[in-house]
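**Student:** sequence first, then the predicted structure:
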Amino acid sequence: MKKVTIFTLICVFAVSGIGLAKGPGGMGELEIPHGKWWRMPEVAKKLDLTSKEQQKLNDLFVQSRRQLIDLKSNVEKEKLELEMILDQQNFDESACMDQFKKFEHARANLANERFRFLVEVRKLLGLDRYRQLKTEFRHRRMHRMKGQQERKGPIKDRMIHE
């Protein structure tokens, strides 16, 4: 009985998306900015993007987004099936493990599509502009985080007011 309880908790953590060893983005330094960053005039200028390259990025983005929509939907369906198995009165460990494998496969497909888009962007930009892109958005993220910290005030003051 103890094994089933521990197994169930592991499955619940996995299904809920609680990651024990990975950051919020999943890929860390491999990530590129979300959205249509190539349409931002200052970014396009810094990266020296041509209109042809911007169009290619648009096309890649739309193609990838269509795939991501389907893949996210599949992850949600497999997650629902797993939750249903976990919630059944008569727990079937074998069915649960099989469904968990399907769920993990669906999540892997989603991650693969995200990474495929990153690879296509890397191929299009080349090494130097790819590194520039990462650096630019790392600076933007840090600046945004710094601004948020300044708006919140020092931790000591927040503790008093909260």
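**Tutor:** Ah, there it is.
**Student:** would you put the C-alpha positions of the helix or strand containing residue 44 in PDB?
**Tutor:** Assigned by DSSP states H and E, residue 44 falls within helix 41-47. Coordinates of each C-alpha in helix 41-47 appear next as PDB, following Å, rounded to 0.1, in the frame of the first residue of the first chain:
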ATOM      1  CA  PRO A  41      12.300  47.600 -34.800                       C
ATOM      2  CA  GLU A  42      15.200  48.000 -32.400                       C
ATOM      3  CA  VAL A  43      15.800  44.200 -32.300                       C
ATOM      4  CA  ALA A  44      15.500  43.900 -36.000                       C
ATOM      5  CA  LYS A  45      18.000  46.700 -36.500                       C
ATOM      6  CA  LYS A  46      20.500  45.300 -33.900                       C
ATOM      7  CA  LEU A  47      20.400  41.900 -35.600                       C
END
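**Student:** neighbouring contacts of that helix?
**Tutor:** Contact with helix 41-47 is made by 37-38, 49, 54, 125, 129, 132-133, 136, as judged by CB atoms under 8 Å, 6 or more residues apart in numbering. Where you see a C-beta, it was placed from the backbone N, CA and C, and this is true even at glycine.
**Student:** any buried residues in the strand or helix carrying residue 59, and which?
**Tutor:** If you go by DSSP H and E, residue 59 is part of helix 51-87. Across helix 51-87, burial judged by 16 or more other CB atoms under 10 Å covers 53, 56-57, 60-61, 64, 67, 71, 74-75, 78-79, 81-82, 85-86.
**Student:** helices or strands up against that helix?
**Tutor:** With contacts defined as 3 or more CB pairs under 8 Å, 6 or more residues apart in numbering; DSSP states H and E, helix 51-87 has these neighbours: helix 2-16, helix 93-152.
**Student:** ok, which of these comes nearest residue 33?
**Tutor:** helix 93-152 (4.5 Å; CB to CB).
**Student:** quick one: the closest one to helix 51-87, angle?
**Tutor:** With axes from the mean of the first three to the mean of the last three CA atoms, to 10 degrees defining the directions, helix 93-152 sits at 130 degrees from helix 51-87.
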